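**Q** quick one, what's the 3D model for this:
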Amino acid sequence: MAWNKFKSMFVVSSEQSGDATEKLMKDLEKYELPAEEPPAPLPAGTTAASLSGQIDFQGLYDQAGIPNTDEVEALERFLGGLDQSLPDTAKTAAAKAFLGAIGKAPKDVVADAGRKITVVRAVVDAKRSDTDQALAQRQSAITELQRQIDEQRAGIEALTQELESVRGQCAVEESRLQGARVFFGHVGDVPPPDRR
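**A** Got it, this is the predicted structure:
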């Protein structure tokens, strides 16, 4: 695979869509470290709740005590300066020569990337766990609010039924009383109540 294609899988816009993120994650599965490696804990002093917005990965690597060798970044900068039309074999040879010149080998790049991947996985695992917990709390709050809404609706229904019952009874009673007035030929407004 050409380095640019490989690199483009990592250098992505932070504003990509959910579909693009899903595709990137699927592409990365081919290159993952073995899954049996347990995820590392978050670096000391980092909380899952603080992992919002733009993540300072270098700061996290520093907190995790990863040696500040930056083989991956140095190689990335070097390859970014090469003529993009070079064949992949020439780029690979140039990369090995560059690493040799700075006293490194491909295995150093692989080890550096592997250490950093464990931190990245810890970030994802911690944020997933924190998000799951927050979602459960919100869902619980929604359930409680829904219970209260249902309770209030039932109260409204009971009040409405009571009002209708009173109206019905009052209509029957008024009809009975109007019957007495009509019997004596009095039709019209009801007199105001006697206030003695």
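
**Q** in what helix or strand does the residue nearest the centre of the chain lie?
**A** Centroid-nearest residue in the chain: T131, 6.5 Å away (criterion: CA atoms, centre = their mean). For T131, the element it lies in under DSSP states H and E is helix 106-183.

**Q** helices and strands around that helix, which ones?
**A** Helices and strands touching helix 106-183, by 3 or more CB pairs under 8 Å, 6 or more residues apart in numbering; DSSP states H and E, are helix 57-63, helix 71-80, helix 88-101. Yep, even glycine has a C-beta here, placed from its N, CA and C like the rest.

**Q** mind listing what's buried in the second one?
**A** What that stands for is helix 71-80. By neighbour count on 16 or more other CB atoms under 10 Å, the buried set for helix 71-80 is E71, V72, A74, L75, F78, L79.

**Q** burial count for the residue nearest to the third one when sequence neighbours are not counted?
**A** Right, the one you point to is A74. Distances taken as CB to CB, 6 or more residues apart in numbering put I102 closest to A74, at 6.7 Å, once the chain neighbours are dropped. Per other CB atoms under 10 Å, the neighbour tally for I102 reads 12.

**Q** same question for T46.
**A** So T46, with other CB under 10 Å, has 19 neighbours.

**Q** list the contacts of it.
**A** By CB atoms under 8 Å, 6 or more residues apart in numbering, the contact set of T46 is L60, Q63, A126.

**Q** pLDDT, distance to A136 and neighbour count added to these, as a markdown table?
**A** As requested, the contacts of T46 are arranged in a markdown table below (pLDDT from 0 to 100; distance: CB to CB, whole Å; neighbours: other CB atoms under 10 Å):
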| residue | pLDDT | distance to A136 | neighbour count |
| --- | --- | --- | --- |
| L60 | 84 | 26 | 20 |
| Q63 | 81 | 28 | 15 |
| A126 | 84 | 16 | 19 |
